[in-house]
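**Q** have a look at this fold, sequence not included:
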């Protein structure tokens with residue numbers, strides 16, 4: 001079944017976009033939990049609304065670079081974007 005679905009035109013791109021959304025959301029949630037913050041606290045510090053943070057953490061939305069920069073700033077971190085060869089990517 002999976003092979004049939006993945007064989008459809010555009011399926012790989014949709015899958016990859018979902019993977020990226022999930023990994024970004026997971027990373028934000030981990031940072032937030034390590035900081036001991038609620039979603040509302042992160043939202044306030046990043047100038048966002050709590051539902052936007054919830055959607056991001058759940059992988060339900062593809063964040064923009066400016067949104068990720070605001071979140072990084074809230075954590076007093078620098079956002080880094082990199083390209084990796086597919087052979088090394090996880």
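**A** Okay, I see it. Being a predicted model, the structure only gives us computed values, none of them experimental.

**Q** how far does the helix of greatest length in the chain sit from the chain's center?
**A** Counting by DSSP state H, the longest helix found in the chain is helix 11-35. The chain centroid and the centroid of helix 11-35 are separated by 4 Å, computed with C-alpha atoms, centre = their mean, to the nearest Å.

**Q** just the mean pLDDT for that helix, thanks.
**A** Averaging pLDDT along helix 11-35 gives 94.

**Q** name the helices or strands packed onto that helix?
**A** helix 2-6, helix 39-46, helix 50-57 (3 or more C-beta pairs under 8 Å, 6 or more residues apart in numbering; DSSP states H and E). For glycine as for every other residue, the C-beta is placed from the backbone atoms N, C-alpha and C.

**Q** now tabulate these in CSV and tack on mean neighbour count, distance to residue 18 and mean pLDDT.
**A** Below are these laid out as CSV (neighbours: other C-beta atoms under 10 Å; distance: least, C-beta to C-beta, whole Å; pLDDT from 0 to 100):
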stretch, mean neighbour count, distance to residue 18, mean pLDDT
helix 2-6, 9, 12, 61
helix 39-46, 18, 21, 98
helix 50-57, 18, 14, 98
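
**Q** no further questions, thank you.
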